[in-house]
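>>> this one's structure only:
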């Protein structure tokens with residue numbers, strides 16, 4: 001069975017992103033909106049590059065990364081009810097089904 005081509009640069013980018021995230025979290029406190037947005041962008045880059053290496057499917061990666069980013073933003077806003085992640089999963093699954101049929 002042939003394996004699809006996986007770029008090692010995605011793995012390198014995710015490992016570098018984890019080290020940048022650790023440096024950023026240890027150096028700066030998340031007290032302003034700008035630093036929290038930088039933190040969210042770093043997390044998004046790490047998750048996207050790691051999933052690009054393992055899944056190699058851009059549609060799934062965008063859905064998972066976007067869902068995680070929305071979940072983190074909801075948690076930041078203080079919306080910690082169990083219904084929000086359930087609705088997010090349901091909407092992401094429906095988007096997957098709609099995009100799969102095209």
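All right, it came through fine. All figures in this text were calculated on a predicted structure; none of them were measured in a lab.

>>> secondary structure element for the spatially most central residue of the chain?
The centroid of the chain falls nearest to residue 65 when counting by C-alpha atoms, centre = their mean (3.1 Å). Residue 65 is part of helix 58-77, with elements assigned from DSSP states H and E.

>>> what's the answer for residue 87, then?
Assessed by DSSP H and E, residue 87 sits inside helix 83-101.

>>> Could you check that helix and say which residues are buried?
Residues of helix 83-101 classed as buried under the neighbour-count rule (16 or more other C-beta atoms under 10 Å) are 85, 88, 92. Any C-beta I mention is one placed from the backbone N, CA and C, and that applies to glycine too.

>>> thought the last one was touching residue 65?
Going back to what we said before, that points to residue 92. No - counting by C-beta atoms under 8 Å, residue 65 is not a contact partner of residue 92; they are 10.7 Å apart.

>>> rewinding a little: check contacts around the residue nearest to the centre of the chain.
Counting by C-beta atoms under 8 Å, 6 or more residues apart in numbering, residue 65 touches 44, 47, 48, 51.

>>> Just the pLDDT at it, thanks.
Reading off the confidence values, residue 65 has pLDDT 95.

>>> Give me the pLDDT for the residue lying closest to it once chain neighbours are set aside.
Leaving aside its chain neighbours, residue 65 sits nearest to residue 48 (4.7 Å; criterion: C-beta to C-beta, 6 or more residues apart in numbering). Here the pLDDT value assigned to residue 48 is 94.
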